[in-house]
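[1] sequence first, predicted model second:
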Amino acid sequence: MRENRAHGLLALGGIALAALLAVIGHLNGNDDLNPWLLTVSDFAVSDRGGVVDAAMAVLAAATAVLLPALWRTGPGPAPGRPVAAGRRPSAATALLLTWAAGLVIAAVAPTNQPGTPMDAAAHVHRYASVLAFLALPVAGWLLAGHLGGRAGGWLRVLAPTSLLLAGAMVWAAYPGGGALVGLAERLLILAEVALLAVVAATLARQQPAGVAAHSSSCSMS
(Lines give C-alpha, C1' and ligand atoms only; values in the text may rest on other atoms or scores of the structure.)
Protein backbone atom coordinates (compact mmCIF):
# COMPACT_ATOMS: atom_id res chain seq x y z
CA MET A 1 0.00 0.00 0.00
CA ARG A 2 1.48 3.31 -1.09
CA GLU A 3 -0.26 5.17 1.73
CA ASN A 4 1.13 2.87 4.40
CA ARG A 5 4.64 3.14 2.97
CA ALA A 6 4.41 6.94 2.94
CA HIS A 7 3.14 7.02 6.52
CA GLY A 8 5.92 4.68 7.65
CA LEU A 9 8.63 6.77 5.99
CA LEU A 10 7.20 9.99 7.41
CA ALA A 11 7.09 8.48 10.89
CA LEU A 12 10.69 7.27 10.57
CA GLY A 13 11.72 10.78 9.61
CA GLY A 14 9.89 12.17 12.65
CA ILE A 15 11.53 9.64 14.97
CA ALA A 16 14.98 10.52 13.60
CA LEU A 17 14.28 14.25 13.99
CA ALA A 18 13.07 13.76 17.57
CA ALA A 19 16.23 11.82 18.42
CA LEU A 20 18.40 14.56 16.90
CA LEU A 21 16.57 17.28 18.84
CA ALA A 22 16.95 15.33 22.09
CA VAL A 23 20.69 14.97 21.55
CA ILE A 24 21.01 18.69 20.79
CA GLY A 25 19.05 19.47 23.95
CA HIS A 26 21.51 17.46 26.01
CA LEU A 27 24.58 18.96 24.36
CA ASN A 28 23.27 22.51 24.77
CA GLY A 29 22.01 21.98 28.32
CA ASN A 30 23.33 23.29 31.59
CA ASP A 31 26.75 21.82 32.31
CA ASP A 32 25.68 21.33 35.94
CA LEU A 33 23.04 18.78 34.89
CA ASN A 34 24.17 15.16 35.16
CA PRO A 35 22.44 12.93 32.57
CA TRP A 36 23.05 9.80 34.67
CA LEU A 37 21.37 11.23 37.78
CA LEU A 38 18.73 13.55 36.28
CA THR A 39 15.85 12.74 33.96
CA VAL A 40 15.19 14.07 30.48
CA SER A 41 12.42 16.17 32.02
CA ASP A 42 15.00 17.89 34.22
CA PHE A 43 16.89 18.88 31.08
CA ALA A 44 13.65 20.04 29.44
CA VAL A 45 12.62 22.29 32.34
CA SER A 46 16.05 23.94 32.34
CA ASP A 47 15.38 25.02 28.74
CA ARG A 48 11.61 25.55 28.86
CA GLY A 49 10.06 25.46 25.41
CA GLY A 50 13.36 24.36 23.92
CA VAL A 51 14.48 21.47 21.76
CA VAL A 52 13.75 18.69 24.29
CA ASP A 53 10.11 19.76 24.50
CA ALA A 54 10.06 19.98 20.72
CA ALA A 55 11.49 16.44 20.50
CA MET A 56 8.59 15.09 22.58
CA ALA A 57 6.06 16.88 20.38
CA VAL A 58 7.68 15.59 17.18
CA LEU A 59 7.72 12.02 18.54
CA ALA A 60 4.02 12.31 19.37
CA ALA A 61 3.33 13.53 15.83
CA ALA A 62 5.34 10.65 14.36
CA THR A 63 3.21 8.23 16.37
CA ALA A 64 -0.01 9.83 15.17
CA VAL A 65 1.14 9.44 11.55
CA LEU A 66 1.35 5.66 12.04
CA LEU A 67 -2.22 5.20 13.23
CA PRO A 68 -4.08 5.34 9.87
CA ALA A 69 -1.56 2.94 8.33
CA LEU A 70 -1.91 0.45 11.18
CA TRP A 71 -5.69 0.65 10.86
CA ARG A 72 -5.42 -0.33 7.20
CA THR A 73 -2.91 -3.15 7.78
CA GLY A 74 -4.30 -6.62 8.25
CA PRO A 75 -3.09 -9.16 10.80
CA GLY A 76 -0.76 -12.02 10.00
CA PRO A 77 2.77 -12.78 8.89
CA ALA A 78 2.51 -10.77 5.66
CA PRO A 79 2.14 -7.05 6.43
CA GLY A 80 -0.23 -5.26 4.09
CA ARG A 81 -2.79 -7.99 3.54
CA PRO A 82 -6.45 -6.87 3.60
CA VAL A 83 -7.89 -6.23 7.04
CA ALA A 84 -10.13 -9.01 8.30
CA ALA A 85 -13.44 -7.95 9.80
CA GLY A 86 -13.11 -7.23 13.49
CA ARG A 87 -9.33 -7.64 13.44
CA ARG A 88 -8.25 -4.00 13.32
CA PRO A 89 -5.77 -3.20 16.13
CA SER A 90 -8.20 -1.10 18.14
CA ALA A 91 -6.59 -1.63 21.55
CA ALA A 92 -3.08 -1.07 20.21
CA THR A 93 -4.01 2.14 18.41
CA ALA A 94 -5.77 3.42 21.54
CA LEU A 95 -2.60 2.76 23.53
CA LEU A 96 -0.49 4.51 20.89
CA LEU A 97 -2.80 7.50 21.18
CA THR A 98 -2.33 7.37 24.96
CA TRP A 99 1.46 7.37 24.47
CA ALA A 100 1.27 10.33 22.08
CA ALA A 101 -1.08 12.28 24.36
CA GLY A 102 1.19 11.58 27.32
CA LEU A 103 4.16 13.00 25.43
CA VAL A 104 2.27 16.17 24.51
CA ILE A 105 1.01 16.68 28.06
CA ALA A 106 4.51 16.10 29.45
CA ALA A 107 5.90 18.68 27.03
CA VAL A 108 3.25 21.26 27.92
CA ALA A 109 3.20 20.69 31.70
CA PRO A 110 6.78 21.08 32.96
CA THR A 111 8.24 19.17 35.88
CA ASN A 112 9.75 21.01 38.82
CA GLN A 113 13.29 22.34 38.81
CA PRO A 114 15.73 19.80 40.34
CA GLY A 115 15.82 20.13 44.10
CA THR A 116 12.54 22.07 44.39
CA PRO A 117 9.13 20.84 45.64
CA MET A 118 6.71 19.43 43.09
CA ASP A 119 3.82 21.68 42.10
CA ALA A 120 0.57 20.77 40.32
CA ALA A 121 2.15 20.94 36.85
CA ALA A 122 4.97 18.65 37.95
CA HIS A 123 2.47 16.05 39.18
CA VAL A 124 0.58 16.20 35.87
CA HIS A 125 3.90 15.83 34.05
CA ARG A 126 4.87 12.79 36.12
CA TYR A 127 1.57 10.93 35.71
CA ALA A 128 1.43 11.68 31.97
CA SER A 129 4.99 10.40 31.55
CA VAL A 130 4.29 7.20 33.50
CA LEU A 131 1.14 6.55 31.48
CA ALA A 132 3.03 7.08 28.21
CA PHE A 133 5.95 4.85 29.24
CA LEU A 134 3.57 2.00 30.13
CA ALA A 135 1.17 2.39 27.19
CA LEU A 136 3.75 2.05 24.40
CA PRO A 137 5.24 -1.36 25.33
CA VAL A 138 1.75 -2.84 25.82
CA ALA A 139 0.80 -1.48 22.38
CA GLY A 140 3.97 -3.01 20.95
CA TRP A 141 3.13 -6.41 22.42
CA LEU A 142 -0.34 -6.30 20.89
CA LEU A 143 1.04 -5.22 17.52
CA ALA A 144 3.52 -8.13 17.50
CA GLY A 145 0.76 -10.54 16.56
CA HIS A 146 -0.86 -8.04 14.21
CA LEU A 147 2.26 -7.33 12.14
CA GLY A 148 3.78 -10.79 12.47
CA GLY A 149 7.05 -11.92 10.89
CA ARG A 150 10.40 -10.46 11.93
CA ALA A 151 8.73 -7.27 13.17
CA GLY A 152 6.61 -9.31 15.57
CA GLY A 153 9.73 -11.00 16.91
CA TRP A 154 11.44 -7.68 17.58
CA LEU A 155 8.33 -6.28 19.24
CA ARG A 156 8.10 -9.30 21.54
CA VAL A 157 11.65 -8.55 22.70
CA LEU A 158 11.40 -4.76 22.96
CA ALA A 159 8.03 -4.65 24.74
CA PRO A 160 9.04 -6.66 27.84
CA THR A 161 12.48 -5.03 27.80
CA SER A 162 10.78 -1.64 28.01
CA LEU A 163 8.63 -2.77 30.94
CA LEU A 164 11.68 -4.15 32.77
CA LEU A 165 13.51 -0.86 32.24
CA ALA A 166 10.46 1.03 33.48
CA GLY A 167 10.64 -1.06 36.64
CA ALA A 168 14.36 -0.31 36.94
CA MET A 169 13.63 3.39 36.63
CA VAL A 170 10.99 3.23 39.39
CA TRP A 171 13.43 1.36 41.62
CA ALA A 172 16.18 3.90 40.93
CA ALA A 173 13.83 6.81 41.66
CA TYR A 174 12.47 5.51 44.97
CA PRO A 175 14.27 2.65 46.80
CA GLY A 176 17.48 3.55 44.97
CA GLY A 177 17.36 7.14 46.16
CA GLY A 178 17.64 8.53 42.62
CA ALA A 179 20.91 6.72 41.85
CA LEU A 180 21.29 6.39 38.08
CA VAL A 181 17.63 7.22 37.47
CA GLY A 182 18.72 9.28 34.45
CA LEU A 183 20.55 6.32 32.96
CA ALA A 184 17.58 3.99 33.56
CA GLU A 185 15.20 6.47 31.93
CA ARG A 186 17.40 6.97 28.88
CA LEU A 187 17.71 3.22 28.36
CA LEU A 188 13.92 2.99 28.66
CA ILE A 189 13.45 5.76 26.10
CA LEU A 190 15.93 4.08 23.76
CA ALA A 191 14.02 0.78 23.94
CA GLU A 192 10.65 2.46 23.41
CA VAL A 193 11.82 4.59 20.50
CA ALA A 194 13.33 1.44 18.95
CA LEU A 195 9.95 -0.27 19.35
CA LEU A 196 8.22 2.60 17.60
CA ALA A 197 10.86 2.57 14.85
CA VAL A 198 10.26 -1.15 14.22
CA VAL A 199 6.57 -0.46 13.63
CA ALA A 200 7.34 2.49 11.35
CA ALA A 201 10.01 0.55 9.40
CA THR A 202 7.63 -2.38 8.90
CA LEU A 203 5.03 -0.08 7.35
CA ALA A 204 7.69 1.75 5.31
CA ARG A 205 8.80 -1.53 3.72
CA GLN A 206 5.34 -2.35 2.43
CA GLN A 207 5.11 -2.53 -1.33
CA PRO A 208 2.19 -1.17 -3.36
CA ALA A 209 -0.45 -3.84 -3.93
CA GLY A 210 0.33 -4.12 -7.65
CA VAL A 211 4.04 -4.63 -7.04
CA ALA A 212 3.38 -7.21 -4.33
CA ALA A 213 1.00 -9.14 -6.60
CA HIS A 214 3.50 -9.07 -9.47
CA SER A 215 6.28 -10.36 -7.19
CA SER A 216 4.04 -13.14 -5.94
CA SER A 217 3.08 -14.24 -9.47
CA CYS A 218 6.73 -14.22 -10.58
CA SER A 219 7.76 -16.40 -7.64
CA MET A 220 5.02 -18.93 -8.47
CA SER A 221 5.88 -19.18 -12.16
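    Yep, it's here. It should be emphasised that the depicted structure is a prediction, and the values quoted were computed from it without experimental measurement.

[2] and the longest helix for this protein?
    helix 120-147 (DSSP state H).

[3] what sits closest to residue 113 if chain neighbours are left out?
    residue 45 (5.9 Å; CB to CB, 6 or more residues apart in numbering). All C-beta atoms are positioned from the backbone trio N, CA, C, and that covers glycine.

[4] and that neighbour, how far is that from residue 19?
    20 Å (CB to CB, to the nearest Å).

[5] now residue 155
    According to CB to CB, residue 155 stands 19 Å off from residue 19.

[6] which one of those two has more residues nearby?
    Set residue 155 next to residue 19 and count neighbours by other CB atoms under 10 Å: residue 155 wins out with 26 against 17.

[7] confirm for me that that one is in contact with residue 141.
    Yes: applying CB atoms under 8 Å as the test, residue 155 and residue 141 come out as touching, 6.7 Å apart.

[8] which residues in the protein form strands?
    Counting by DSSP state E, the chain has no strands at all.

[9] all helices of it, in order?
    Using DSSP H, helices in the chain cover 2-27, 40-46, 51-72, 90-108, 120-147, 149-173, 181-204, 209-220.

[10] of these, which is nearest residue 34?
    Closest to residue 34 of these is helix 181-204 (CB to CB; 6.8 Å).

[11] I'd like the distance from the closest one to the chain centre, please.
    6 Å (CA atoms, centre = their mean, to the nearest Å).

[12] what do you get for stretch 142-162?
    Relative to the centre of its chain, stretch 142-162 is centred 13 Å away, using CA atoms, centre = their mean.

[13] residue ranges with poor pLDDT in the protein?
    Counting by pLDDT under 70, the ranges of the chain that qualify are 1, 29-31, 48-49, 74-88, 207-221.

[14] go again using 50 as the cut-off
    Scanning the chain for pLDDT under 50 picks out 76-86, 209-221.

[15] name the nearest residue to residue 197, sequence neighbours excluded.
    The spatial neighbour of residue 197 that comes closest, neighbours along the chain excluded (CB to CB, 6+ apart), is residue 15 at 5.4 Å.

[16] rewinding a little: return the residues in contact with the residue nearest to residue 113.
    Residues near residue 45 by CB atoms under 8 Å, 6 or more residues apart in numbering: 110, 111, 112, 113.

[17] circling back to that earlier point, looks like the residue nearest to residue 197 contacts residue 198 (just checking).
    No: between residue 15 and residue 198 there is no contact under CB under 8 Å: 10.5 Å.

[18] isn't residue 36 up against residue 180?
    Yes: with contact defined as CB under 8 Å, residue 36 reaches residue 180; the gap is 5.7 Å.

[19] between those two, who's got more neighbours?
    More crowded of residue 36 and residue 180, by other CB under 10 Å: residue 180, with 17 against 11.

[20] show the backbone phi and psi for the more buried one.
    With angles defined as degrees, to the nearest 10, residue 180 sits at phi 60, psi 30.

[21] do the same with residue 148
    Here residue 148 shows phi and psi, under degrees, to the nearest 10, equal to phi 70, psi -170.

[22] surely residue 203 and residue 67 touch.
    No: contact criterion CB under 8 Å: residue 203 and residue 67 do not qualify, at 10.7 Å.

[23] between those two, which one's more packed in?
    Neighbour count, other CB under 10 Å: between residue 203 and residue 67, residue 203 has more, with 29 against 18.

[24] roughly how far apart are that one and residue 53?
    Computed with CB to CB, the distance linking residue 203 and residue 53 is 27 Å.
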